[in-house]
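Novice: sequence? don't have it. structure:
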């Protein structure tokens, strides 16, 4: 007799039918047999809640599951899970809270919401014995939440370095390979539909900061203070620095960094130079990747599409299937959000993290310029690793002085830059970019 | 009141204290508090079974857990799981079977055993309601079994491309970057302890074949026939082909490939050219990586250390913690080993997979050589994509003719090569290497 697998069932309602919601609904309906074959779980999508169903109709989603009355949906006692893909912060915050009150599990892709109000919602879910699945909140289709909370669970996580915003990475790839400006590259990204009309959350680093905050909670057991995460974006990046980095052997990437130091977990988000030998330097176009360093496993990297309907739906649905299989509840149940397990780890105050830096100063070609700059750096105990200044070209008033430093605190460097900018022999806009060296593996 | 997390306990016995066993024991004992903090699970290592305890002693493992009587250990009713890290095939096959009979869960890293006898052992575990955890059997510390069975569970897996043997990848990196011979590179790998005295299982592709067989079972629901997996190694690779590949824009890697075709799943293992644009081409030294293409998620890649004590122990321990948390049983319970869910997928017979090829023929410099070669290829319906032949150098008797082809079956190519080798105007050893193009993403 052939053994038969046990079939499990889960009944879901989806709120929000945009790019990710639409893809999720389409896959749940079209690929029902595939999902059953892969997982043994039969997912029934019983309701789709939105204000407008134009997009849902265009995807061929059957009208009989369209609902505009959320209360009615939440009141359905046969419903197991609410899939929140509405976007925004206040509406989904209330929605999830109400779903938990109604005894429903929740699956969400909402990184902003979780970064800002995750603890409150997670605590409520715990109290009620319910689960919030949020694999899709970080790095789209890459199962990186599961890597931190399951696959690498035997590790003390030493560091996370991530490329977490596909729009920014695409723009940087354009700038690097075509030598084009930020504005032209953004324009290109908008034309192919990768960048939104208002790209600020992507290119200014906010989206990346939300994601590293969530991952750091899980990996380090901290509750990140946003004000202690220095965040900058790629929107002020000059192509001459991109090219200068290339000449020095680096690639510029919008990085999210979180790593243990003896004094606490250092976190920051911003454009930075990373060695071209590091796997993160290879990540091109709209792809995302996350390097995770564990004390036993050493360096691991997880790569894939960090956004888009289908890839994000892949993560959303893995959480739904995992709810039925017991995986998502097990992951949610043990994660490092428990206050009793996270007493000791603290977050380093912004600016006190130690980094190497690239510094470009525009200076007049006069005696004493280098002396003045190097005196300021020396006063801040900042050691120069390399310095390049070319001869003045015809008609050039200010010439770039390019310096790389040994490690120093960001505060010390910021003070030095302020002083250098105030010199009457320099332009006011010195450019400062961190340099990220390969994180050491600690495996024995 | 601060909520307290639930503490879970699991009692484990470890059989085999070699490199991986020793690292596993050391981490379980030394990092007990860390594991508890990360997972809420307290792992008690109650017995270490081996024939000799020299290595265990050198690691400082306390003698009071040393056991030489396996029967006594298996008879302990308080024991939850047997960790099999003994190596070999027949001993662990019997051991696991007996552990299951004794009602114990099993965690193993043994790829050869699972590739050869996995079905039998998995079926037995199922019958008894027990779990076999085998995350460590493929790609060491990279949680790729979990990617296939959990993180990417919403996907129809289209293809898997893996660099699964760190020893071979290290040797190839040496050949590529230093232009050194296979023999010298192997020698170097042996000197730094990466290659064993008898490296045949690594360099001849057998180890890689075991791993892709296990991953394919899970991803495609097939039960691979080893005789239908063409396997070749890097041990006959000539550095001139490595360099010729580089000139054509490729990097040579020992690849494991499994992908769906309309007629079945095509599988093969061997050195191949892969485009230098593909992330797998970037994987250097002893690292492993696995590209998985899913119908929703598109291209994902998982990178890390595929061997070594600590990285493999990381995977072993994730399975132990996962047993206590309910994750490993949930993963094991739903996997595609169920015969009732895997009726339709078949494996393509060896040789019928379609590939592009690199072909180097050593030929005399006489009229009619290219005509003869191209006639043979045309007869087999093999279309030439590029052809390079340089002018004869002084004293050179045979000159290399380098051809790349469009797709054809391996059988057709093998027939053509046999005929070409038999020509009296060629040397007998035409070199044939598959060329792997970027697998298309199917996401919408």
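Specialist: Good, I have the coordinates. Note that the structure is a prediction, hence the values are computed from the model and not measured. Numbering: from 1, shown residues only, chains lettered A, B, ... in the order given.

Novice: Domain map for chain A?
Specialist: As assigned by automatic domain parsing, chain A contains the domains A:8-137, A:145-305, A:354-436.

Novice: most packed of the ones you listed?
Specialist: Mean neighbour count (mean count of other CB atoms under 10 Å in any protein chain shown) peaks for domain A:145-305 among these, with a mean of 22. Every C-beta, even on glycine, is put in place using the N, C-alpha and C of the backbone.

Novice: does any bit of that one sit next to chain B?
Specialist: Yes: interface with chain B: domain A:145-305 contributes A:146-147, A:150-156, A:221, A:279, A:282-283, A:287, A:294-305 (CB under 8 Å from any CB of the partner chain).

Novice: Out of the residues you listed, list just those in strands.
Specialist: A:287, A:294, A:298-305 (DSSP state E).

Novice: sorry, back to before: nearest to residue B:71 among the domains of chain A would be which one?
Specialist: For residue B:71, the closest of those is domain A:145-305, at 29.4 Å, according to CB to CB.

Novice: gap between the two ends of that closest one?
Specialist: 15 Å (CA to CA, to the nearest Å).

Novice: Pairing partners for the closest residue in space to residue A:290 that isn't next to it in sequence in the sheet, please.
Specialist: For residue A:290, ignoring the flanking residues on the chain, the nearest one in space by CB to CB, 6 or more residues apart in numbering or on different chains is residue A:162 at 4.3 Å. Bridge pairing for residue A:162 (DSSP bridges) gives the partners residue A:256, residue A:290.

Novice: isn't residue A:162 right up against residue A:289?
Specialist: Yes: Residue A:162 lies in contact with residue A:289 (CB atoms under 8 Å); the separation is 7.1 Å.

Novice: ok, residues contacting the helix or strand hosting residue A:159?
Specialist: Residue A:159 is part of strand A:157-163 when elements are defined by DSSP states H and E. Here strand A:157-163 makes contact (CB atoms under 8 Å, 6 or more residues apart in numbering or on different chains) with A:139, A:148, A:169, A:208, A:211-212, A:215-216, A:219-220, A:253-260, A:274, A:280, A:283, A:287-295, A:306, A:436, A:439, A:442.

Novice: after that strand, next one along is what?
Specialist: helix A:166-178.

Novice: what angle do that next one and strand A:157-163 make?
Specialist: When axes from the mean of the first three to the mean of the last three CA atoms, to 10 degrees is applied, the directions of helix A:166-178 and strand A:157-163 differ by 70 degrees.

Novice: Now do helix A:166-178 against strand A:298-305, angle only.
Specialist: Interaxial angle, helix A:166-178 versus strand A:298-305 (the same axes, to 10 degrees): 90 degrees.

Novice: And the helix or strand following helix A:166-178, how far out from the chain middle?
Specialist: Counting by DSSP H and E, the next helix or strand C-terminal to helix A:166-178 is helix A:182-191. The gap between the average C-alpha position of helix A:182-191 and the chain average comes to 21 Å, counting by CA atoms, centre = their mean, to the nearest Å.

Novice: Which elements pack onto helix A:182-191?
Specialist: helix A:166-178 (3 or more CB pairs under 8 Å, 6 or more residues apart in numbering or on different chains; DSSP states H and E).

Novice: Quick one: list the elements packing against the helix it packs on.
Specialist: Using 3+ CB pairs under 8 Å, 6+ apart: helix A:166-178 touches helix A:182-191, helix A:200-203, helix A:239-247, strand A:250-261, strand A:287-294.

Novice: From residue B:376, how far out is residue A:15?
Specialist: 63 Å (CB to CB, to the nearest Å).

Novice: on that earlier part again, and the angle from the strand holding residue A:159 to strand A:287-294?
Specialist: Relative orientation of strand A:157-163 versus strand A:287-294 (the same axes, to 10 degrees): 170 degrees.

Novice: what's the distance between residue A:164 and residue A:335?
Specialist: Residue A:164 is 19 Å from residue A:335, by CB to CB.

Novice: And for residue A:321?
Specialist: Residue A:321 sits 19 Å away from residue A:335, going by CB to CB.

Novice: Next one: the helix or strand residue A:92 falls within, is it in contact with chain B?
Specialist: Using DSSP H and E, residue A:92 sits within helix A:90-101. No: applying CB under 8 Å from any CB, one finds helix A:90-101 out of contact with chain B, separated by at least 15.2 Å.

Novice: Need the three-state assignment for residue A:441.
Specialist: At residue A:441, secondary structure determined by DSSP: H, G, I helix; E, B strand; the rest coil is coil.

Novice: phi, psi of it?
Specialist: Torsion angles at residue A:441 (phi, psi; degrees, to the nearest 10) stand at phi -80, psi 140.

Novice: What confidence value was assigned to the closest residue to it other than its chain neighbours?
Specialist: Distances taken as CB to CB, 6+ apart put residue A:298 closest to residue A:441, at 4.0 Å, once the chain neighbours are dropped. Looking at residue A:298, its pLDDT is 98.

Novice: Surely residue A:298 is in contact with residue B:309?
Specialist: No: contact between residue A:298 and residue B:309 fails when scored by CB under 8 Å: they sit 11.1 Å apart.

Novice: How far off centre is stretch A:133-143?
Specialist: With CA atoms, centre = their mean as the basis, the mean position of stretch A:133-143 lies at 10 Å from the chain mean.
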